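**Q** Quick one, fold the following:
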Amino acid sequence: MSHSPQETQRWAAEWAKTLPRGSVIALHGDLGAGKTCLVQGLASGLHVTGPVHSPTFTLINEYQGPVPLYHLDLYRLRGEDDAIDIGVEQYLPGDGITAIEWAERIAPLLPTQTLHIQLDYGPDPTSRIITVTRPDAP
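**A** Reported below is the predicted structural model:
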């Protein structure tokens, strides 16, 4: 449970430090649930400098740091064919950490070791329930 966007970012920053290169993170949740906020925390933990924002219109943002961060927002895609057309496969996995908003749109393309994060609204307007599902979990 996160009680604020700042708490979500702090959690994600600490979690990012445990992720090996090549990790793919599928982010799930409604509009405004905090997917981009979580990616901002990942960026902080990976020592990415500069602003991190949603690539809704550019589709893919690449951030350089000691470990690169690739942030994909697939909201505007119709499915896996569109994803293949823009070269999503080069990030699955990539040489850094890949975080994918609306990853369910390309579910068949996701590696079997993809980590899934579900963000749901909590009991108050700023809280979020964050559920991480690892591929080796039952």
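**Q** Check for me that residue 7 belongs to a helix.
**A** Yes: Residue 7: assigned to a helix according to DSSP: H, G, I helix; E, B strand; the rest coil.
**Q** so what's it scoring on pLDDT?
**A** pLDDT, residue 7: 96.
**Q** where do the strands sit along the protein?
**A** 24-28, 60-63, 69-73, 97-101, 115-121, 128-133 (DSSP state E).
**Q** Just name the most buried of these.
**A** Of all those, strand 97-101 has the most neighbours on average by mean count of other C-beta atoms under 10 Å, namely a mean of 27. Where C-beta positions appear, they are placed from N, C-alpha and C, glycine not excepted.
**Q** Can you say which of the strands of the chain is nearest to residue 54?
**A** strand 69-73 (5.4 Å; C-beta to C-beta).
**Q** what distance separates the closest one from the middle of the whole chain?
**A** Relative to the mean C-alpha coordinate of its chain, strand 69-73 is positioned 7 Å out (C-alpha atoms, centre = their mean, to the nearest Å).
**Q** now stretch 44-62
**A** Worked out by C-alpha atoms, centre = their mean, stretch 44-62 lies 10 Å from the chain centre.
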